[in-house]
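[1] Kindly return the folded structure for what I paste below:
(one chain, ligands or ions: 1)
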Amino acid sequence: MDDTKHMTEECGRRFEAAKQIALAAGVLKECEYHKGFFFKGDKELKNALIMANNYYSQGRSNYEFRDKKDMSDSIIEVVGKYSSEKCSSCGHSYEE
Ligand SMILES: [Zn+2]
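    Residues are numbered from 1 along each chain as shown. Next comes the predicted model:
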């Protein structure tokens, strides 16, 4: 399931930017032991969308998105891709 190599550079940057928002919102977590391994955080998807919309409204968006819908779609796609409950390498999961 390696579709990253088919992505254009623009798609890759959007994907990364969307991932950073999801991480900042707590919707995704990165394993503290394995860089690059992501799993679900304790926040719902909508938290990331709200945060992204706030950034956008404040003109703080230095992201790579074409518009708000593109931004939302990218976040939904990223969160959907990392829907695992735990790190696929060590089984670490989000804890309070
Ligand atoms: Zn891990």
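[2] Would you state the strands of the protein in chain order?
    28-30, 38-40 (DSSP state E).
[3] Around the ion, pick out the residues from the chain.
    Cys31, Tyr33, His34, Cys87, Ser89, Cys90, His92 (C-beta under 5 Å from the ion). From N, CA and C alone the C-beta is placed, and that goes for glycine too.
[4] Out of the strands of the chain, flag the one nearest Lys68.
    strand 28-30 (20.2 Å; C-beta to C-beta).
[5] ok, Gly25 - how many residues close by?
    I think there's a mix-up here, since residue 25 is Ala and not Gly. Using other C-beta atoms under 10 Å, Ala25 has 21 other residues around it.
[6] If you could redo that for Asp70, that was the one I meant.
    Neighbour count of Asp70, defined by other C-beta under 10 Å: 14.
[7] got the contact list for it?
    Listed by C-beta atoms under 8 Å, 6 or more residues apart in numbering, the contact partners of Asp70 are Arg14.
[8] Check what pLDDT the residue positioned nearest the centre of the chain gets.
    Closest to where the C-alpha atoms of the chain average out (C-alpha atoms, centre = their mean) is Lys19, at 2.4 Å. Per-residue pLDDT puts Lys19 at 95.
[9] who touches the nearest residue to it once chain neighbours are set aside in this structure?
    Spatial nearest neighbour of Lys19, chain neighbours left out: Val78 (5.0 Å); criterion: C-beta to C-beta, 6 or more residues apart in numbering. By C-beta under 8 Å, 6+ apart, the contact list for Val78 reads Phe15, Ala18, Lys19, Ala22, Leu28.
[10] Let me have the residues you listed in JSON lines, adding distance to Ala48 as columns.
    Compiled in JSON lines, those are given as follows (distance: C-beta to C-beta, whole Å):
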{"residue": "Phe15", "distance to Ala48": "14"}
{"residue": "Ala18", "distance to Ala48": "8"}
{"residue": "Lys19", "distance to Ala48": "10"}
{"residue": "Ala22", "distance to Ala48": "5"}
{"residue": "Leu28", "distance to Ala48": "8"}
